[in-house]
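1. I'd like to go over a predicted model; first the sequence, then the structure.
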Amino acid sequence: MGKNSDTGKEKAQVGKAILLAFIAALLIKFFIFDFMIAEGHSMVPAIRPGAILVVCKIFYGIRLPGSGSYLIRWAVPRKDQVVVFYTPLGELAVKRCGDTFAGNVFYALGDNRAQSYDSRNYGPVPDDNIIGRVLGIN
């Protein structure tokens, strides 16, 4: 009987460890880092279609998932940083930050001008639309 109760305790501990790991992974994905797959040709040659992007969601501040603004902001995008954001039309996009303007907006530009739908089409983008900064490309 002692052996079965030890096995039950071990299973409970393993279950708790798995649950905690799952919760930690979700927290990391929603608040800190995310992986995305690039689509389209607007950022060629820097980012090719199918490239895996590592996005730091807390680079500019803390934002609740699904919210339209940052709770706490400690940085703003700078020229030439590659950011993931929602366009004014609500589409997810990856572009290079062009000029930044007063009023917390930036100009989003694709590296491949011939095939990029960017701020030249839809105008400046509010900083609050930024999901995060691209830190790595594979």
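-> That came in fine, so what should we check first?
2. quick check: residue 120 is in a strand.
-> No - counting by DSSP: H, G, I helix; E, B strand; the rest coil, residue 120 is not found in a strand; it is helix.
3. show me what contacts it?
-> Applying C-beta atoms under 8 Å, 6 or more residues apart in numbering to residue 120 gives the contacts residue 109. Backbone N, C-alpha and C define where each C-beta goes, glycine included.
4. could you point out the longest helix of this protein?
-> Assignment by DSSP state H gives helix 2-27 as the longest helix of the chain.
5. assign a three-state SS to residue 49, would you?
-> Residue 49 - assigned by three-state DSSP - is coil.
6. number of residues surrounding it?
-> By the measure other C-beta atoms under 10 Å, the count of residues near residue 49 is 12.
7. tell me who's in contact with it.
-> By C-beta under 8 Å, 6+ apart, the neighbours of residue 49 are 38, 39, 40, 41.
8. check residue 131 too.
-> 34, 55, 57, 63, 83, 84, 85, 86, 92.
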